[in-house]
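> Sequence and computational prediction follow.
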Amino acid sequence: MNNALAIRLSFDEENMWVHLVDGRTLGIPLSFFPRLQNATVEQRARYIFSGNGQGLHWDDLNEDISVEHLLMGYRDTTVTKRQAATAG
């Protein structure tokens, strides 16, 4: 997936918006990633692109997300369903 490279990231109250180099924008529900959902605005803003835009990384939150996996519909699998249900 050569064009699955992130160039910009933004958030609203319910979604993370991943803007790709090829012009697409992915809207990802924050509920897919409880660490991001529970993070402050400041914590969400402290991300870096890893792998030249192939990934998103938040050091403070211990969160790494692959852009390719977002395109495939993956969500956070490191938390239990019970933790995710109580996160909101």
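Perfect, I can see it now. Numbers count the residues shown, from 1 in each chain.
> List the contacts of stretch 35-54.
The contact list for stretch 35-54 (C-beta atoms under 8 Å, 6 or more residues apart in numbering) reads 4-7, 9, 11, 16, 21, 30-31, 55-64, 66-68, 76, 79, 87-88. For the C-beta atoms, the positions are set from N, CA and C on the backbone; glycine is no exception.
> What about the residues you listed, which are in strands?
Ala6, Ile7, Leu9, Phe11, Met16, Gly55, Leu56, His57, Trp58, Glu63, Asp64, Ser66 (DSSP state E).
> so what's the residue nearest in space to the middle of the chain bridging to?
Per C-alpha atoms, centre = their mean, the C-alpha nearest to the average position across the chain is that of Ile65, at 5.6 Å. According to DSSP bridges, the partner residues bridging Ile65 are Leu56.
> So it is in contact with Phe33, correct?
Yes: with contact defined as C-beta atoms under 8 Å, Ile65 counts as touching Phe33 (6.9 Å).
> Straight-line length of stretch 33-53, end to end?
Criterion C-alpha to C-alpha, to the nearest Å; first-to-last residue distance in stretch 33-53 is 19 Å.
> let me fix that: stretch 35-44
OK, stretch 35-44 end separation, C-alpha to C-alpha: 9 Å.
> That stretch: which residues count as buried?
Arg35, Leu36, Gln37, Ala39, Gln43, Arg44 (16 or more other C-beta atoms under 10 Å).
> now, the most widely separated pair of those?
Largest separation among the buried residues of stretch 35-44 by C-beta to C-beta: Gln37 and Gln43, giving 11.1 Å.
> What part of this protein, helix or strand, is modelled with the least confidence?
helix 81-86 (a mean of 51; mean pLDDT, DSSP states H and E).
> Buried members of the contacts of stretch 35-54 into PyMOL, please.
Applied in PyMOL, the following selects the buried portion of the contacts of stretch 35-54 according to 16+ other C-beta under 10 Å:
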select buried, resi 4+5+6+9+11+16+30+31+55+56+58+61+63+67+76+87
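> All set now, cheers.
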